[in-house]
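> Need coordinates for the below:
(2 chains)
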Number of protein chains: 2
Amino acid sequence: MRVAYNEQMDELTGLLGEMAGLAGVAMERATQALLQADLPLAETVIEEHDKITELGAVCEEKAFALLALQGPVAGDLRAVVSGIQIVADIDRMGALALHIAKATRRRHPNHVLPDEVSGYFAEMGRIAVSLGAATREILETRDPERAARLHEEDEAMDDLHRHLFTVLMDREWKHGVAAAVDVTLLGRFYERFADHAVEVGRRVIFLVTGKLPTLEDFHTMQQRVDKLTVYPES
Amino acid sequence: MRVAYNEQMDELTGLLGEMAGLAGVAMERATQALLQADLPLAETVIEEHDKITELGAVCEEKAFALLALQGPVAGDLRAVVSGIQIVADIDRMGALALHIAKATRRRHPNHVLPDEVSGYFAEMGRIAVSLGAATREILETRDPERAARLHEEDEAMDDLHRHLFTVLMDREWKHGVAAAVDVTLLGRFYERFADHAVEVGRRVIFLVTGKLPTLEDFHTMQQRVDKLTVYPES
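This is a model prediction of the structure:
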């Protein structure tokens, strides 16, 4: 039973990591497509999105089979339940990358972004890609300290997002309302991508420690991250 | 075992329904606060948001206990797993109502919305509140036909959302970029609220039928809703 559980859980973990990897790649490509008004690359993100959704369905099935056939308890049960919740977050990360790719396609051959804000998006994209990679790493290593550090990158994303709004709201904004609407939504997509990565981190902390950190705890954890000691339940 | 399962599952169902009810009330109040620039009402939504989050945590604990202690299988297992996934959607519905209340507070004593678009938001709010109530009803009755009909209301929301964008993008828009940014985000919050209600509906269909409808199936179901026959697994 235990051996079967371990094998199947490893498989589920691998698939979740793969799914996070795909979402990260989608975000990387979507950002590049956005910045360079690269239609073929945007199309690739759009075409490959189904892979993420399908992998999500496979993960849910595996998790369900694990619960049904192995009857895991305690920490093992937490790991499976967290896996199910994590699927929803990664699925959403993929959908946000898809939205960015679709915005690029919608405005092609024009650039969606005025030059003035493309630096913000390059940086938000960089953070999002890093968060995607970190999400994959955390799923595979279950390192709660690394998971807690996701919050730092999310804060950097939030800062950029706030700055972006000050640029938009500035009287000097010369690009009209339509561009402002696009920039507003795109900014939100990057910010939400980061939020979902943080949520995956919280779930991983839960599955390792048995405690689900609130966002407040998370904030405190992040402040104390160098001193953080988490005792995985044995 | 079976009696204990039923009792605990009924309790979980009741709590999920209650949570959906709170999210619906939050959305109703947030919309009224938004339309009337009613600061005390916005503050009420903000203060009471924690109740939704706390109820979500209680639901997760109950679901976890159910899995750990009752070891449900087949349809019973699906019901519990769906319950866990539904918590995340309702939690998010509450968070979106919170965002609307916060926008109202941020701009007070000014109105967030130019008069020109407040009719759209009154209508989007009406649909959102109806979806909130329907979500509660569906959780409590597990009626898959009613769940499939959520998609219709979501389509109405999407239509309004699209029209709202045409108003924003119109050259006649005289309210500047800051108002456009607010309207863009608020419109998105209503649209996402509806999406999450639809997602709850999909989960309820899954727990009753054992099949998770894709959004495409859902669309087809909605078109055939009068003829829809779903055979709950016995």
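
> need the contact list for the residue lying closest to residue A:181 once chain neighbours are set aside.
The shortest distance from residue A:181 to any non-neighbouring residue, by CB to CB, 6 or more residues apart in numbering or on different chains, is to residue B:184 (4.9 Å). C-betas here are computed from N, CA, C, even on glycine. Applying CB atoms under 8 Å, 6 or more residues apart in numbering or on different chains to residue B:184 gives the contacts A:180-181, A:184-185, B:168.

> quick one: pLDDT of residue A:224?
pLDDT, residue A:224: 46.

> Does residue A:20 touch residue A:132 like I think?
Yes: under the criterion of CB atoms under 8 Å, residue A:20 makes contact with residue A:132 at 6.3 Å.

> Need the overlap of contacts for those two.
In contact with both residue A:20 and residue A:132: residue A:93, using CB under 8 Å, 6+ apart.

> what does chain A put close to chain B?
Selection of chain A residues close to chain B by CB under 8 Å from any CB of the partner chain yields A:57, A:60, A:63-64, A:67-68, A:71, A:73-74, A:77-78, A:81, A:84-85, A:88, A:165, A:168-169, A:173, A:176-178, A:180-181, A:184-185, A:188, A:212.

> Buried only: go through those residues for me.
A:60, A:63, A:67, A:71, A:77-78, A:81, A:84-85, A:88, A:165, A:168, A:173, A:177-178, A:180-181, A:184-185, A:188, A:212 (16 or more other CB atoms under 10 Å in any protein chain shown).

> Now do the one residue sitting closest to the centre of chain A against chain B, distance only.
When CA atoms, centre = their mean is applied to chain A, the residue found nearest the centroid is residue A:197 (3.6 Å). Residue A:197 sits 15 Å away from chain B, going by CB to the nearest CB, to the nearest Å.

> For that residue, which residues are in contact?
Here residue A:197 is in contact with A:89, A:93, A:128, A:131-132, A:134-135, A:150, A:153-154 (CB under 8 Å, 6+ apart).

> which one of these sits closest to chain B?
Taking CB to the nearest CB as the measure, residue A:89 is the one of the contacts of residue A:197 closest to chain B, at 8.4 Å.

> Look up how far residue A:158 lies from residue A:124.
10 Å (CB to CB, to the nearest Å).

> Find the residues that touch each one of these two.
By CB under 8 Å, 6+ apart, the residues touching both residue A:124 and residue A:158 are residue A:191.

> quick one: which of these two has more around it?
residue A:124 (25 against 13; other CB atoms under 10 Å in any protein chain shown).

> Tell me which helix or strand the more buried one sits in.
Element membership for residue A:124 (DSSP states H and E) is helix A:115-141.

> Which strands and helices lie in contact with the helix or strand following that helix?
Using DSSP H and E, the next helix or strand after helix A:115-141 towards the C-terminus is helix A:144-169. Counting contacts by 3 or more CB pairs under 8 Å, 6 or more residues apart in numbering or on different chains; DSSP states H and E, helix A:144-169 packs against helix A:115-141, helix A:176-209, helix A:215-223, helix B:176-209.

> can you redo those as TSV with distance to residue B:49?
TSV is the format used below for these (distance: least, CB to CB, whole Å):
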stretch	distance to residue B:49
helix A:115-141	26
helix A:176-209	16
helix A:215-223	12
helix B:176-209	14
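
> Name the spans of chain A whose pLDDT lies under the cut-off.
A:1, A:212, A:214-234 (pLDDT under 70).

> The one helix or strand residue A:13 maps to - contacts with which helices or strands?
Assigned by DSSP H and E, residue A:13 belongs to helix A:2-36. Judged by 3+ CB pairs under 8 Å, 6+ apart, helix A:2-36 is in contact with helix A:39-70, helix A:74-107, helix A:115-141, helix A:176-209.

> Kindly recompute the last result at 7 Å.
helix A:39-70, helix A:74-107, helix A:115-141 (3 or more CB pairs under 7 Å, 6 or more residues apart in numbering or on different chains; DSSP states H and E).

> Could you list the buried residues of it?
So for helix A:2-36, counting by 16+ other CB under 10 Å, buried means A:5, A:8-9, A:12-13, A:15-35.

> Repeat that for stretch A:149-158.
Residues of stretch A:149-158 classed as buried: A:149-151, A:153-154, A:156-157 (neighbour count, 16+ other CB under 10 Å).

> Tell me how many other residues crowd residue A:54.
11.

> typo on my end, it should be residue A:39
15.

> so what's it up against?
By CB atoms under 7 Å, 6 or more residues apart in numbering or on different chains, residue A:39 lies in contact with A:105, A:108.

> Pull up the gap between it and chain B, please.
As judged by CB to the nearest CB, residue A:39 and chain B stand 22 Å apart.

> coming back round to it: report the two of the contacts of residue B:184 separated the most.
Pairwise distances across the contacts of residue B:184 peak at 11.2 Å for A:185 and B:168 (criterion: CB to CB).

> and residue A:161, how far is that from chain B?
11 Å.

> Next, the buried residues of stretch A:142-151.
Buried residues in stretch A:142-151, counted by 16+ other CB under 10 Å: A:142-144, A:147-151.

> Please apply the same query to stretch A:200-211.
Within stretch A:200-211, judged by 16+ other CB under 10 Å, the buried ones are A:200-209.

> next one: that stretch to chain centre, how far?
16 Å (CA atoms, centre = their mean, to the nearest Å).

> One more: stretch A:76-85?
With CA atoms, centre = their mean, you get 18 Å for stretch A:76-85.

> Need the residues that contact that stretch.
By CB under 7 Å, 6+ apart, stretch A:76-85 touches A:5, A:9, A:12, A:16, A:59-60, A:63, A:66-67, A:72, A:203, A:206-207, A:210, B:64, B:67-68, B:81, B:84-85, B:88.

> Stretch A:135-147 now?
Contacts of stretch A:135-147 (CB under 7 Å, 6+ apart): A:13, A:16-17, A:20-21, A:24, A:134, A:197, A:200-201, A:204-205, A:207-209, A:225, A:228, A:230.

> Equivalent analysis for stretch A:111-122, please.
Outside stretch A:111-122, the residues touching it (CB under 7 Å, 6+ apart) are A:31, A:34-35, A:37, A:103-104, A:160, A:163-164, A:167, A:175, A:179, A:182-183, A:186.

> now, the most widely separated pair of those?
Maximum pairwise distance in the contacts of stretch A:111-122, criterion CB to CB, is 23.1 Å, between A:37 and A:163.
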